[in-house]
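A.B. asks: One predicted model, sequence on top.
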Amino acid sequence: LHETYDKCIAYYNDSIFNDTLLEKRLVGEFDTALAEKQFCMYLQPQMTPEGQMLGAEALVRWQHPNRGLIFPGDFINVFERTGLIYRLDKYVWELAVQKLSEWQKHGKNELYISINISAKDFYYMDVYKTITTLVEKYGIIPKTLKLEITETAIMTGISGELEILEQFRNYGFQVEIDDFGSGYSSLNTLKDMDVDVLKIDMGFLRTTKPDRIKRSMSILNNIIDLSKTLGLSVITEGVETKEQVTALTKMGCRIYQGYYFSKPIPIEDFENTYLK
Ligand code: C2E
Ligand code: CA
Ligand code: CA
Ligand code: CA
């Protein structure tokens, strides 16, 4: 019996085992982490090709007391699956709105922050009420809060996403399609809903084979043209080189987010670098 048992263990995939264990731990630590403010908001600037900062995307990080800095790739999925995501997002959104209100008290009324809305948020809470309540609590200018949502989330439509996003736009928020071009329904999304901004998926820039780069560039060119025809602004995410910025600027893109300009950084660094 012992021998069979050993064999079973041998077949067990070690990394999957550890991942599941880690996931369980992270879920178990969520309440404490939230209460002890271990989640923090990093900001990644959105820039013009000339280097002017227009606003930033809020990206969460988990400053864990013994695991160090944990990136969203390691916990967002887990929290989406376990229904914790809406509590985290609500918390991050409030940090963003607080920051905007502080900036606006100092007369910086043009700067915006983009927040991420998970598809699962619509399922677990009244997203419209949560966000408008925050905006009214802190008295910020609605158009300085941008709402990022992926096309896949929009098109599932199970919780009335299309209608809710329409309500958001009527309220004065800017709505942005995140990871545009990564889903299977990109063009349908554009047909069915009015948005303000397309944020092009960085996958188009991550190809390395020369012939693919060419193809990617034609697709990008067409997305940029299409967005102009539809009266949308377009952001290219994930730009890492000067060449990419130059090429995309020729195609008509005016807003960039990517390591070429800056990685996501803590708020204090962001303010020291861009708001002094
Ligand atoms: P996303 O919304 O598509 O955010 C962009 C991600 O691309 C960020 O990763 C950012 O650091 C990374 N990035 C930006 N520029 C570059 C670049 O030039 N090169 C490369 N290689 N990467 C770049 P991050 O911060 O690790 O976030 C990953 C994902 O986690 C986000 O993808 C978003 O889907 C999710 N996420 C992050 N924060 C939140 C949050 O507060 N709430 C929710 N629901 N999701 C979040
Ligand atoms: Ca995003
Ligand atoms: Ca994105
Ligand atoms: Ca994404």
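C.D. replies: Structure's in. What do you need? Ligands and ions are numbered 1, 2, ... in the order given.

A.B. asks: quick check, K199 in a strand?
C.D. replies: Yes - counting by DSSP: H, G, I helix; E, B strand; the rest coil, K199 is part of a strand.

A.B. asks: Measure how buried it is and give me the count.
C.D. replies: 26 (other CB atoms under 10 Å). Heads up, the C-betas are built off the backbone N, CA and C, glycines and all.

A.B. asks: Equivalent analysis for D211, please.
C.D. replies: When neighbours are counted by other CB under 10 Å, D211 comes out with 8.

A.B. asks: do I154 as well
C.D. replies: Quick note: I154 (other CB under 10 Å) scores 25 neighbours.

A.B. asks: Name the helix or strand for it, please.
C.D. replies: I154 is part of helix 151-156 when elements are defined by DSSP states H and E.

A.B. asks: Same question for I131.
C.D. replies: helix 127-138.

A.B. asks: So that helix, near ligand 1 or not?
C.D. replies: No - using CB under 6 Å from any ligand atom, helix 127-138 stays clear of ligand 1, with a minimum separation of 11.3 Å.

A.B. asks: Show me what that helix is packed up against.
C.D. replies: helix 85-105, strand 145-150, helix 161-171 (3 or more CB pairs under 8 Å, 6 or more residues apart in numbering; DSSP states H and E).

A.B. asks: Tell me the bridge partners for the most centrally placed residue in the chain.
C.D. replies: The residue lying closest to the centre of the chain (CA atoms, centre = their mean) is N116, at 4.3 Å. N116 has these beta-bridge partners by DSSP bridges: E148.

A.B. asks: Distance check, the residue lying closest to I223 once chain neighbours are set aside against T246.
C.D. replies: Nearest residue to I223, sequence neighbours excluded (CB to CB, 6 or more residues apart in numbering): I200, at 5.9 Å. Separation of I200 from T246 (CB to CB, to the nearest Å) stands at 16 Å.

A.B. asks: do the same with I113
C.D. replies: For I113, the distance to T246 - CB to CB - is 27 Å.

A.B. asks: With K37 instead?
C.D. replies: Per CB to CB, K37 is found 41 Å from T246.

A.B. asks: Pull the number of nearby residues for G252.
C.D. replies: 12.

A.B. asks: er, S186 I mean
C.D. replies: With other CB under 10 Å as criterion, S186 counts 20.

A.B. asks: List phi and psi for it.
C.D. replies: phi -40, psi -50 (degrees, to the nearest 10).

A.B. asks: before we move on, what about E237?
C.D. replies: phi -100, psi 150.

A.B. asks: What about it, how many residues nearby?
C.D. replies: 21.

A.B. asks: list the buried ones in stretch 259-275?
C.D. replies: 261-262, 264-265, 267, 270, 274 (16 or more other CB atoms under 10 Å).

A.B. asks: wait, I meant stretch 226-234
C.D. replies: Buried-residue list, stretch 226-234, by 16+ other CB under 10 Å: 227, 232-234.

A.B. asks: near ligand 3, anything from it?
C.D. replies: No - Stretch 226-234 lies apart from ligand 3 when judged by CB under 5 Å from the ion; the minimum separation is 12.8 Å.

A.B. asks: sorry, back to before: would you mind giving the helices and strands packed on helix 127-138 as a markdown table with mean neighbour count added?
C.D. replies: Formatted as a markdown table, the helices and strands packed on helix 127-138 follow (neighbours: other CB atoms under 10 Å):
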| stretch | mean neighbour count |
| --- | --- |
| helix 85-105 | 19 |
| strand 145-150 | 23 |
| helix 161-171 | 16 |
